[in-house]
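[1] build me a model from this:
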Amino acid sequence: QAYAADIPLLVHTNGDAAIDVLLDGLEQANAAYPDNTLRPVSIHAQTMRQDQLDRAQAVSLIPSFFVDHVYFWGDRHRDIFLGPDRAAQISPAGSAEKRKLIYTIHDDAPVVSADPFRTLWVAVARRTSAGEILGADEAITRQQALKALTLNSAYQHYVENEKGSIEVGKKADMIILDQNPLTAPEAALRHIKVLGTVKDGKTVYTSRTDN
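    Below you'll find the predicted structure:
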């Protein structure tokens, strides 16, 4: 029905069984409407399997990974819920990157606090709250994580021609940071601060007190 009406789908599919249901439905919808230009999204895609990532490519599915899950619940997934092998593959951004999938990353506020720099750090470091690395193969680079947070997120919402990157012709939406996320020490990534925010070319926030 959604594809018949050209309605974008963002579906909460955290477990792999739920992702199977979504993929089955998308495959049927794409068979019925092969010329569609929809960009369906799997919200969280927490336990997305390798074979599901392969299927995602064929139906233009965008996994939106709740990567902060690695930090907040990774230890429990490894030790209690999923076991070490499956837990190491939660939020498989690295595998999505290898397949050149378009994917995004998020923190699922208010389940955890809204903090894109913690999300950036978790995606890069894959460290749990106990300080252990969980699934090093699923880590992504800083550049890849920033793209997932910005340009890929704009693409997910059909506004990649308006925002998501700093380019001529796009809205002047940007932030000024106290550290360079591409060169700051890894441990410092989660503590980066916003010094200023520009929206549509106008400064809407500044941490300075002298103006």
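
[2] dump the residue contacts of the residue nearest to the spatial centre of the chain.
    Centroid-nearest residue in the chain, with C-alpha atoms, centre = their mean: Ile105, separated by 1.3 Å. For Ile105, the contacting residues are Ser64, Phe65, Phe66, Val67, Ser91, Ala93, Thr119, Leu120, Ala123, Ala145, Ala148, Leu149, by C-beta atoms under 8 Å, 6 or more residues apart in numbering. Every C-beta, even on glycine, is put in place using the N, C-alpha and C of the backbone.

[3] what about 7 Å?
    Applying C-beta atoms under 7 Å, 6 or more residues apart in numbering to Ile105 gives the contacts Phe65, Val67, Ala93, Thr119, Ala123, Ala145, Ala148, Leu149.

[4] let me have these in JSON lines, extended by secondary structure, distance to Ile43 and neighbour count.
    As requested, these are exported to JSON lines (DSSP: H, G, I helix; E, B strand; the rest coil; distance: C-beta to C-beta, whole Å; neighbours: other C-beta atoms under 10 Å):
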{"residue": "Phe65", "secondary structure": "strand", "distance to Ile43": "10", "neighbour count": "28"}
{"residue": "Val67", "secondary structure": "coil", "distance to Ile43": "13", "neighbour count": "31"}
{"residue": "Ala93", "secondary structure": "helix", "distance to Ile43": "15", "neighbour count": "28"}
{"residue": "Thr119", "secondary structure": "helix", "distance to Ile43": "15", "neighbour count": "25"}
{"residue": "Ala123", "secondary structure": "helix", "distance to Ile43": "16", "neighbour count": "27"}
{"residue": "Ala145", "secondary structure": "helix", "distance to Ile43": "18", "neighbour count": "24"}
{"residue": "Ala148", "secondary structure": "helix", "distance to Ile43": "14", "neighbour count": "26"}
{"residue": "Leu149", "secondary structure": "helix", "distance to Ile43": "16", "neighbour count": "20"}
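
[5] so Leu53 is in which element?
    Following DSSP states H and E, one finds Leu53 within helix 50-58.

[6] what is that helix packed up against?
    helix 16-32, helix 93-98 (3 or more C-beta pairs under 7 Å, 6 or more residues apart in numbering; DSSP states H and E).

[7] relative to Tyr158, which of those helices is closest?
    Tyr158 lies closest to helix 16-32 among the helices and strands packed on helix 50-58, at 17.4 Å (C-beta to C-beta).
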